[in-house]
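> any chance you could fold what I've pasted below:
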Amino acid sequence: MIETWKKTELDKLTRAYNVHYSKAYGQNFLVDRNVLEKVVQGAELSRNDHVIEIGAGAGALTVLLAQTAGSVTAVEIDGRLIPLLREVTEGLPNVDIVHDDFLKLKNEYGTNKIIGNLPYYITTPIIASLFEPGADGNRPTAPALAVFMVQKEVAERLVSMPGKKTYGAISVLVQYYAETEMLFTVSREVFTPRPNVDSAVIRMRPRDLSGDDARTAAKMFRLVRAGFDMRRKTLRNSLAGAGFPEEALSEALERANIDPGRRAETLSSRDFYTLASFLNAG
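This is a model prediction of the structure:
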């Protein structure tokens, strides 16, 4: 097991295993121990926690998680990194390394905590897989807590409030399912290879949605997509243009006490849910 982590250590390991960083997998490895420790602190771990780490990479975060949590399942899609990961975590009996695509694993997370440094291209699919209902209408069992490092620009959208330019459909999705906060930003200088943008760490606490109807939630996201697809139009015009019946829509807007002249970016996730519930009732 590696006790310290620096860029020189990572360079030595990658040379030893003939690993070249993959742009296809969005590989930018964090090499600042202070930042890694802040990520672990943000996850509020104890020995009672099981952690699923998405994209274990070269194992720097994996080692720190194993020293704090009860057990860690380190998921890594890149087979070239598996031997390297095994060396880095040698001597840590509470680490299980899984060579697989996280999105192909069964999405039942229970009381587990999910942690990962998410490449841009996979951020939205992973977050959706944790919270959105499947084709059968059933919601996955949400994690107890999720802590993700994402591009700073993406983090700003995830935590954005209604009325801001950064507020969009993904903001509504995330904020409906989880209380989401940005913990801290991370400079691009502490990664290797160095990315072109800064990052930020977000923390997501699932909301209790036991009182909500899954059918209504599914309709809500149809409303959200339609509203933001034509965000320059008024809400009534954009939703009518997406095929929602005008008479039922007008009645639902009135019952929800939502001005039909408002635009989608001014509505909160609960506003959208309320509107969807009245459309269902109609």
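
> and residue 29, what are its bridge partners?
residue 192 (DSSP bridges).

> and it, what does it touch?
10, 21, 57, 58, 60, 191, 192 (C-beta atoms under 8 Å, 6 or more residues apart in numbering). C-beta coordinates here come from the backbone N, C-alpha and C atoms, glycine included.

> from these, which land in helices?
10, 60 (DSSP state H).

> of the contacts of residue 29, buried ones?
10, 57, 58, 60, 191, 192 (16 or more other C-beta atoms under 10 Å).

> the fifth one against residue 31, yeah?
Yes. Using C-beta atoms under 8 Å, residue 191 makes contact with residue 31 at a distance of 6.9 Å.

> of all the buried ones among the contacts of residue 29, which comes closest to residue 37?
Minimum distance to residue 37 across the buried ones among the contacts of residue 29 is 10.6 Å, recorded for residue 60 (C-beta to C-beta).

> farthest pair in the contacts of residue 29?
21 and 60 (14.3 Å).

> buried residues in the helix or strand of the chain with the lowest mean pLDDT, which are they?
Ranked by mean pLDDT, DSSP states H and E, the weakest helix or strand in the chain is helix 7-16, scoring a mean of 69. Across helix 7-16, burial judged by 16+ other C-beta under 10 Å covers 9, 10, 13, 14.

> stretch 158-172 now?
For stretch 158-172, by 16+ other C-beta under 10 Å, it's 158, 159, 160, 162, 166, 167, 168, 169, 170, 171, 172.

> what does stretch 261-268 give?
For stretch 261-268, using 16+ other C-beta under 10 Å, the buried residues are 262, 263, 264, 265, 267, 268.

> same question, stretch 220-231
Under 16+ other C-beta under 10 Å, the buried positions of stretch 220-231 are 220, 221, 222, 223, 224, 226, 227, 228, 230.

> shouldn't the fifth one be in contact with residue 174?
The reference is to residue 224. No. Using C-beta under 8 Å, residue 224 is not in contact with residue 174, being 11.4 Å away.

> need phi/psi at the nearest residue to residue 116 once chain neighbours are set aside.
Using C-beta to C-beta, 6 or more residues apart in numbering and skipping residues adjacent in sequence, the residue nearest residue 116 is residue 54, 3.1 Å away. For residue 54, the backbone dihedrals (degrees, to the nearest 10) come out as phi -90, psi 120.

> quick check: residue 54 vs residue 66, distance?
Separation of residue 54 from residue 66 (C-beta to C-beta, to the nearest Å): 15 Å.

> just residue 49 next, same as before
11 Å.

> name the residue in these two with the higher neighbour count.
Higher neighbour count among residue 49 and residue 66: residue 66, with 22 against 19, using other C-beta atoms under 10 Å.

> list the buried ones in the helix or strand where the more buried one lies?
Residue 66 belongs to helix 60-68 when assigned by DSSP states H and E. By neighbour count with 16+ other C-beta under 10 Å, helix 60-68 contains the buried residues 60, 61, 62, 63, 64, 65, 66, 68.
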